[in-house]
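>>> sequence plus the predicted model coming up.
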Amino acid sequence: MTTAITLDMLQSATSEEFPVIDLAAYRGGEPGALADVAVQLRHALEKIGFLIVVNHGIPAELTDGIVAQTKRFHAMPMTEKLPLATGRGRRETAGAHAGFRPGERN
């Protein structure tokens with residue numbers, strides 16, 4: 001049985017539980033930083049399935065409210081969400097894993 005991730009879990013999590021991917025070196029143009037980030041991302045996504053990205057340079061006003069907007073989206077009727085589905089599994093989107101996928105705890 002899978003345990004649902006809650007906001008409380010995320011807020012109390014340590015970097016040992018969720019890998020922290022720091023983009024400062026990459027954004028600063030340090031040699032080898034892109035390869036280092038790629039290794040960290042691959043590990044986090046293949047072994048853990050969740051990660052935290054820091055020093056990404058995205059202004060807080062763009063990231064504030066993400067949890068609230070996610071809750072709002074998932075509270076929408078399925079008929080409003082279906083047009084936003086990724087189409088995963090169709091030939092032209094094979095391998096795409098981002099976006100809304102109906103039937104996966106939505």
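Nice, I can see it. Numbering: from 1, shown residues only.
>>> what helix or strand does Asp8 sit in?
Applying DSSP states H and E as the criterion places Asp8 in helix 7-12.
>>> so what's Ile48 up against?
18-19 (Cβ atoms under 8 Å, 6 or more residues apart in numbering). Where C-beta positions appear, they are placed from N, C-alpha and C, glycine not excepted.
>>> let's go with 10 Å and repeat that
By Cβ atoms under 10 Å, 6 or more residues apart in numbering, Ile48 lies in contact with 17-19.
>>> I'd like the distance between it and Ile21.
The spacing between Ile48 and Ile21, counted by Cβ to Cβ, to the nearest Å, is 11 Å.
>>> would you agree Val53 falls within a strand?
Yes. With DSSP: H, G, I helix; E, B strand; the rest coil as the criterion, Val53 is assigned to a strand.
>>> for it, which non-adjacent residue is closest in space?
Excluding its sequence neighbours, the residue lying closest to Val53 (Cβ to Cβ, 6 or more residues apart in numbering) is Ile21, at 4.9 Å.
>>> and for that neighbour, the neighbour number?
Using other Cβ atoms under 10 Å, Ile21 is surrounded by 19 other residues.
>>> show the buried residues in the contacts of Ile48.
Neighbour-count burial (16 or more other Cβ atoms under 10 Å) is assigned, among the contacts of Ile48, to 18-19.
>>> let me have the contacts of Ile48 in TSV, extended by pLDDT and distance to Thr70.
Putting these into TSV (pLDDT from 0 to 100; distance: Cβ to Cβ, whole Å) gives the following:
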residue	pLDDT	distance to Thr70
Glu17	73	20
Phe18	79	17
Pro19	85	21
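>>> can you tell me which of the contacts of Ile48 end up in strands?
Residues of these located in strands (DSSP state E): none.
>>> of the contacts of Ile48, closest to Leu34?
For those, the residue nearest Leu34 by Cβ to Cβ is Pro19; the value is 17.1 Å.
>>> my reading is that the residue nearest to Val53 lies in a helix. Confirm?
No. Ile21: not assigned to a helix; according to three-state DSSP it is strand.
>>> ok, Ile17 touching Gly49?
One thing to correct before we go on: residue 17 is Glu, not Ile. No. Contact criterion Cβ atoms under 10 Å: Glu17 and Gly49 do not qualify, at 11.7 Å.
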